[in-house]
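Undergrad: Dropping the sequence and predicted coords here.
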Amino acid sequence: MVTASHKKKMDLGKRNTLVALTFILPNFLGFAVFTLVPVLFSFALSFMKWNGSKTPEWAALNNYINLFKNLSRVSDTFGPALRNTLIYTALTVPITMFASLAMALLLNSKIRGRNIFRAISFFPYVASLIAVSTVFKLLFIPGSNGLANGVLNSLFGVTVKWTVQQWGVYFMAVLFSVWKNMGYYMVIYLAGLQGVNTELYESAALDGASNVGRFRYVTLPEIAPANFFVMIMLVVSSFKVYDVFFQLFAGMDNNLSKQTTVLVYEIFSAGLRGSNDFGRASAISMVLFLIVLIVTLIQFRGEKRFTNK
Amino acid sequence: MVGEKRRSWLVTLLLYLTLAIITIATLFPFMWMLVSSIKAEEEIMAYPIIWWPKTPLWHNYKDIWTRINLLQYVENSVILAVVVTFLQVITSSFAAYAFAKLRFRGRNALFLAYFSTIAVPWQAYMVPQFIIMSKYFHLNNTLWSMIFLQAFSAFGVFLMRQFFLGIPDELCEAARIDGLSEYGIWSRIMLPNAKPAIMTLVIFTIITTWNDFLGPYIYLTRDSVKTIQIGLRMFNSQYNTSYGLVMAASTVTLIPLLIVFLAGQKQFVQGVAMTGIKG
């Protein structure tokens, strides 16, 4: 009896594995061939010299060394790309966080038509970047025409070369990205705010806390997990930025200059535009991956802290 | 908020005023796009602003279909959105069912493989992916490349698995006793119970597929396979001076998004909140 049921269990186990594999395989095959293998391939290529036609040669750390050795050269584009990406991230993350939290607080109060306002502020996130960036380009034309310069000119008598001057580039990219993405993070904040225990507000009110005090001592600590999550997501997506810069600043030649290049563009231009320097492309890819990995690891630690609270 | 006194009319006024300003700022680029699409070039560039053109150039909306292969691009984008979404929902809910409800050897290892790639940005392996896709499968310049690129994301598996975990195991057990096969349980119990998650996945996938730029830009260089975003970008740099036409084409690409968004707004917002406050 015992052995029979044991045997039956074994067969069942085998059969279960087989059935389970048929469920997983359709997705896993595609995932393995087009995601898992490329990920490993990218890692391996970063230690090799390869242009796609000859056999790959082992290059040890040369690709990485070259990235950082050439930083001082005039022709270097990796340095500017890293700098632009870092500055863009440093500006976009806090501004988006502030704007989306403010918006969420506003929409969490009792107002009429809350859902309509919420939908409106969310739509820029859904709208295609290619379409809406064209409008921004139009508004910030560097010449005397264009709305931004029109206003500046009539008020202060100045015109700004938006797409040429370095700060103009950052200004446009950050403004555009905050406008486009704040609705998304607002929704996350709203979900966080709706989870705040209302009794805490009541006792704070009894203690005579002001609005500011309530925000500082009740709301902020309560939405700390949402705050943290939004920050991590923003940092990761900011480091991966590409289309914002490409759309706003690449001209007819589809090139980005030193003022406007970003990490992903450097990967793209080294690996996918005919120069076929796959070693360099993969080395930059690994730099990007390392940054994202560090941020993700911080997220794991933080999540543990928040869930253990 | 509870425990709050009634707001004074001044606070209320300020609140709505702020909201009005933000709403205008949010919608301004869309308005600008819409109005510019029927303006003449000099009117678009004019300052002080011309809020409404003297003679609206409605024919811009007719011209865009002949100036570039817009119809072809729309068609390609629609095909991609439909096929990718269909494959995404089927294969990821299939895999998610095994991960959430079946016990088998190697489950954790397989799941780890999915999980660990989530941290790797696509941009960090897009180059080797292109090499594999074009060198070994010869799929560049076909819509298949985009389908394979987008249909098997780990994101879909995660989303569906998360939702399936919330469906009680007893439901599956009862169905098994009633003689339903695992495939039957997947199709008759899991899928109908996971409608909100499926809707979220559908809407997410449609929107990301429709809006995707870098993928198609890398893979689709032949005109006959270009998607709407690539067409728009091309239009943009080709007709650098005819902004009216570019704006009209941009508006056209936004209309399907607006429809999908309005139809599935609730699911979309819920989905964002769901992925946002997970755990």
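TA: Perfect, I can see it now. Keep in mind that what you see is a predicted model, and the values were worked out from it rather than measured. Numbering: from 1, shown residues only, chains lettered A, B, ... in the order given.

Undergrad: in chain A, which segments are predicted with low confidence?
TA: The model of chain A has pLDDT under 70 over residues A:1-12, A:307-309.

Undergrad: all strands for it, in order.
TA: Counting by DSSP state E, chain A has strands at residues A:48-49, A:57-58.

Undergrad: so does the first one get close to chain B?
TA: In this case it means strand A:48-49. No - Strand A:48-49 is not in contact with chain B by C-beta under 8 Å from any C-beta of the partner chain; minimum separation 11.2 Å. For every residue, glycine as well, the C-beta is placed using N, CA and C.

Undergrad: what packs against that strand?
TA: strand A:57-58, helix A:62-69, helix A:278-308 (3 or more C-beta pairs under 8 Å, 6 or more residues apart in numbering or on different chains; DSSP states H and E).

Undergrad: who's in contact with A:Val158?
TA: Applying C-beta atoms under 8 Å, 6 or more residues apart in numbering or on different chains, we find A:Val158 in contact with A:Leu152.

Undergrad: Give me the distance between it and A:Val174.
TA: 20 Å (C-beta to C-beta, to the nearest Å).

Undergrad: next one: B:Ala40
TA: 32 Å.

Undergrad: so what's B:Ile49 up against?
TA: A:147, A:150.

Undergrad: how about it, secondary structure?
TA: Three-state secondary structure (criterion: DSSP: H, G, I helix; E, B strand; the rest coil) places B:Ile49 in coil.

Undergrad: okay, B:Ala40 and A:Val174: which has more neighbours?
TA: More crowded of B:Ala40 and A:Val174, by other C-beta atoms under 10 Å in any protein chain shown: A:Val174, with 21 against 18.

Undergrad: Now the more buried one: closest residue in space that isn't a chain neighbour?
TA: In space, and not counting its chain neighbours, A:Val174 is closest to A:Leu91: 4.7 Å by C-beta to C-beta, 6 or more residues apart in numbering or on different chains.

Undergrad: Just the closest residue of the stretch 101-250 of chain A to chain B, please.
TA: Residue nearest to chain B within the stretch 101-250 of chain A (C-beta to the nearest C-beta): A:Gly150, separated by 3.2 Å.

Undergrad: Same check on the stretch 201-309 of chain A?
TA: Closest residue of the stretch 201-309 of chain A to chain B, C-beta to the nearest C-beta: A:Gly271 (3.5 Å).

Undergrad: count of neighbours near that residue?
TA: Close neighbours of A:Gly271, defined as other C-beta under 10 Å, add up to 27.

Undergrad: cool, A:Phe306 as well?
TA: By other C-beta under 10 Å, 14 other residues sit near A:Phe306.

Undergrad: do the same with A:Asn27
TA: When counting by other C-beta under 10 Å, one arrives at 27 neighbours for A:Asn27.

Undergrad: mind listing what it touches?
TA: The neighbourhood of A:Asn27, defined by C-beta under 8 Å, 6+ apart, consists of B:91-92, B:94-95, B:152, B:156-157.

Undergrad: Same check on B:Val127?
TA: When contacts are counted by C-beta under 8 Å, 6+ apart, B:Val127 is found next to A:42, A:45, A:267, A:271-272, A:278, A:281-282, A:285.

Undergrad: Which member of these is positioned nearest A:Thr134?
TA: Set against A:Thr134, the nearest of the contacts of B:Val127 by C-beta to C-beta is A:Leu272 (23.5 Å).

Undergrad: so the closest one touches B:Met126, yeah?
TA: Yes - under the criterion of C-beta atoms under 8 Å, A:Leu272 makes contact with B:Met126 at 7.5 Å.

Undergrad: joint contacts of the two?
TA: The overlap between the contact sets of A:Leu272 and B:Met126 (C-beta under 8 Å, 6+ apart) consists of B:Ile218.

Undergrad: So for the two, which residue has more residues nearby?
TA: Using other C-beta under 10 Å, the more surrounded residue of A:Leu272 and B:Met126 is B:Met126, with 24 against 19.

Undergrad: Just give the nearest non-adjacent residue to the more buried one, would you?
TA: Counting by C-beta to C-beta, 6+ apart, B:Ile218 is the residue found nearest to B:Met126 once chain neighbours are left out, at 6.8 Å.

Undergrad: what's the spacing between that neighbour and B:Leu149?
TA: Distance of B:Ile218 to B:Leu149, given as C-beta to C-beta: 9 Å.

Undergrad: Neighbour count for the two, which is higher?
TA: Between B:Ile218 and B:Leu149, B:Leu149 has the larger neighbour count (other C-beta under 10 Å), namely 26 against 22.

Undergrad: now the more buried one, nearest residue through space, not along the chain?
TA: Counting by C-beta to C-beta, 6+ apart, the residue nearest B:Leu149 is B:Gly215, at 5.5 Å.

Undergrad: got the contact list for that neighbour?
TA: Counted by C-beta under 8 Å, 6+ apart, B:Gly215 has contacts B:126, B:146, B:149-150.

Undergrad: so which of those would you say is closest to chain A?
TA: B:Leu149 (6.3 Å).

Undergrad: Restricting to C-alpha, output the strand or helix carrying the residue nearest to B:Met126 in CSV.
TA: Applying DSSP states H and E as the criterion places B:Ile218 in helix B:214-219. Output of helix B:214-219 as CSV, limited to C-alpha atoms (Å, rounded to 0.1, in the frame of the first residue of the first chain):
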residue,chain,number,x,y,z
LEU,B,214,14.4,52.4,-30.4
GLY,B,215,13.5,48.7,-31.2
PRO,B,216,11.9,49.5,-34.5
TYR,B,217,14.5,52.1,-35.2
ILE,B,218,17.3,49.5,-34.9
TYR,B,219,15.5,46.6,-36.7
